[in-house]
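Enquirer: Let me see the structure of the following:
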Amino acid sequence: MSQGSAGPGRTGPASGSRPPPTATAVAALVASLLVLASALTVFLLRDDLLNRRVVGTASAAAATVGGPGTGVGAGTTTPPGSLSAGDPSAALQQQVGNDRSRAEGLVGRWVPQIGSKAPGLVVNGRTFDESSILADFTVSRSRFPQALLVRSDDFTSFRRGGFWVTLVAQPFATAQDANAWCDQQGLLRDDCFAKRLSHTEGPEGNSLAR
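Expert: Predicted structure coming up:
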């Protein structure tokens with residue numbers, strides 16, 4: 001008797017509470033549409049944020065090249081009259097042209113070399129291009145007004161071509177004197193060393209590390 005009465009008691013309420021198949025399908029469709037709309041909204045917001053982040057980075061880079069400078073490593077540039085950021089490659093070439101006569105006057109003399117960069121060069125995880133090379137030079141010149149820019153291709157005393165090289169136009173009789181100047185400025189060993197420009201001699205004997 002207990003088994004006979006238990007059977008109808010289980011099936012009766014279950015069949016009465018189950019929603020019609022059509023209502024279940026509609027509810028599932030509505031839920032799917034809500035999930036899709038939510039995902040689309042998140043994607044659009046993410047895309048907008050990414051675009052704004054890229055624009056902000058580009059603006060910061062432009063400010064770094066064109067704004068007033070406060071010194072080496074400050075992430076800013078030189079005061080009015082500095083190189084234009086409109087075309088970094090052309091600005092670098094123009095600077096080399098402006099400094100050519102001074103550089104030629106240093107041939108055969110020892111001078112401090114305080115920078116050497118080429119597009120694609122990676123230093124401490126930072127990849128240099130013409131814009132960052134231009135910024136690097138202008139920052140160096142803000143600290144050392146006698147700084148000038150040369151191309152390694154224009155002299156035989158450099159090991160590799162394609163580099164923009166920053167020198168300080170303060171000649172010394174010996175390489176040791178040039179390196180002593182680097183010490184006095186508190187520059188790191190790899191950031192400053194004695195260099196001698198030449199149009200006829202090779203790299204050997206024309207550089208002295210500290």
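Enquirer: And this protein, what are its domain boundaries?
Expert: Split into domains by automatic domain parsing, the chain comes to 2-61, 88-208.
Enquirer: how long is the longest one end to end?
Expert: Which is domain 88-208. With C-alpha to C-alpha, to the nearest Å as the measure, the first residue of domain 88-208 is 31 Å from its last.
Enquirer: Report the rounded mean pLDDT for it.
Expert: Averaged over domain 88-208, pLDDT sits at 97.
Enquirer: Kindly report the same for the shortest one.
Expert: Regarding domain 2-61, the rounded mean pLDDT is 45.
Enquirer: count of residues packed around the residue lying closest to G162 once chain neighbours are set aside?
Expert: What sits nearest to G162 in space, not counting adjacent residues and going by C-beta to C-beta, 6 or more residues apart in numbering, is A118, at 4.9 Å. Where C-beta positions appear, they are placed from N, C-alpha and C, glycine not excepted. When counting by other C-beta atoms under 10 Å, one arrives at 16 neighbours for A118.
Enquirer: same deal with P88?
Expert: Around P88 there are 19 residues (other C-beta under 10 Å).
Enquirer: what sits against it?
Expert: Each residue near P88 by C-beta atoms under 8 Å, 6 or more residues apart in numbering is listed here: V65, D129, E130, S131, I133, L134.
Enquirer: On the three-state scheme, the residue lying closest to the second one once chain neighbours are set aside is what?
Expert: Pointing back at D129 there. Spatial nearest neighbour of D129, excluding adjacent residues (C-beta to C-beta, 6+ apart): P119 at 5.2 Å. Following DSSP: H, G, I helix; E, B strand; the rest coil, P119 is assigned to coil.
Enquirer: surely P119 meets L134?
Expert: No: counting by C-beta atoms under 8 Å, P119 stays clear of L134, with 11.1 Å between them.
Enquirer: Who has more neighbours out of these two?
Expert: Taking other C-beta under 10 Å, P119 and L134 do not tie; L134 has more neighbours (27 against 16).
Enquirer: measure the more buried one to G115 for me?
Expert: L134 sits 12 Å away from G115, going by C-beta to C-beta, to the nearest Å.
Enquirer: Assign Q94 to helix, strand or coil.
Expert: helix.
Enquirer: got the contact list for the nearest residue to F144 once chain neighbours are set aside?
Expert: Distances taken as C-beta to C-beta, 6+ apart put V168 closest to F144, at 5.3 Å, once the chain neighbours are dropped. Taking C-beta under 8 Å, 6+ apart, we find V168 in contact with V111, P112, Q113, I114, F144, Q146, A147, L148, W181.
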